[in-house]
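In: Sharing a sequence plus its predicted fold:
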Amino acid sequence: MEASRRDFIHVALGGMGAVGALGVLYPILKTLAPSAASVTEAKVEIAIDSVPELGMRVTSWKGKPLFILKLPSDITQKYTYKVKKESKNSAGKLNQEILRDKPVFALIGVCTHLGCIPLWKPKGSSDVKAPYLHCPCHGGLYTPWGDNIGGPPPRPLFVPPQKIEGNKLVVGEPGFVKELV
Ligand code: FES
């Protein structure tokens, strides 16, 4: 099945408002409609070409929002992020260590504080002068790889198992990330 058929929202640089609304609504919807969690996709395929550079697509995996990001190859030369000391995923690493050399990658789009959906800020802001993810609920800040740079989230965004197969990112199968970390 085409990945685009499974997408419930496509967000490029101009679609931040919809994600913002979802950020507020997601915890409420999760509470009111627990059966929605049973709508799962064990495997999601996304055409790498369909993700614009410095853009993000939003789809879902196992009932959770899934962020697909494509970053410029020189992003680590252009920007330095002050990552919080305690920002370690369950493999004991920064997400960036696992993801930075990949042309595209997927993150679970659920804030690790209380479950809102973070916003993608590709142009940064007056406070963070670099692309980042911002959770509007309590001010959680993440690097584009989901590592913690500010606010209350206790750990990085979760990274699902994923691999690159030809021109596709396949989420839900082990590859450069073997299991959820
Ligand atoms: S839910 Fe994201 S900072 Fe609280």
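Out: Noted; the coordinates are in hand.
In: Tell me which helix or strand residue 77 sits in.
Out: Element membership for residue 77 (DSSP states H and E) is helix 75-78.
In: continuing past that helix, what's the next helix or strand?
Out: Helix 75-78 is succeeded, C-terminally, by helix 95-99 (DSSP H and E).
In: what about residue 106, how many neighbours?
Out: Using other CB atoms under 10 Å, residue 106 has 25 other residues around it. C-beta: built from backbone N, CA, C; applies to glycine.
In: My error: substitute residue 172 in the last question.
Out: Neighbour count for residue 172, taken as other CB under 10 Å: 19.
In: and if you look at residue 177?
Out: 22.
In: for residue 149, same thing?
Out: Neighbourhood size, residue 149 [other CB under 10 Å]: 18.
In: got a list of what it touches?
Out: 81, 82, 83, 84, 87, 128, 132, 141, 142, 143 (CB atoms under 8 Å, 6 or more residues apart in numbering).
In: do that again at 10 Å, thanks
Out: 81-84, 87, 128, 130, 132-133, 140-143 (CB atoms under 10 Å, 6 or more residues apart in numbering).
In: out of everything not next to it in sequence, what's closest to it?
Out: Leaving out its chain neighbours, the residue that sits closest to residue 149 by CB to CB, 6 or more residues apart in numbering is residue 141, at 4.7 Å.
In: what's the spacing between residue 87 and residue 140?
Out: As for residue 87, its distance to residue 140 is 11 Å (criterion: CB to CB, to the nearest Å).
In: where exactly do the strands run in this protein?
Out: 44-47, 56-61, 64-69, 105-108, 119-121, 132-135, 140-142, 148-150, 162-165, 168-171 (DSSP state E).
In: Residue 59 and the ligand: what is the separation?
Out: Distance, residue 59 to the ligand, by CB to the nearest ligand atom, to the nearest Å: 20 Å.
In: could we number from 31 for the rest of this?
Out: All set: I'll call the first residue 31, so the last point we hit is now residue 89.
In: Tell me what that residue is bridged to.
Out: Beta-bridge pairing of residue 89 under DSSP bridges involves residue 96.
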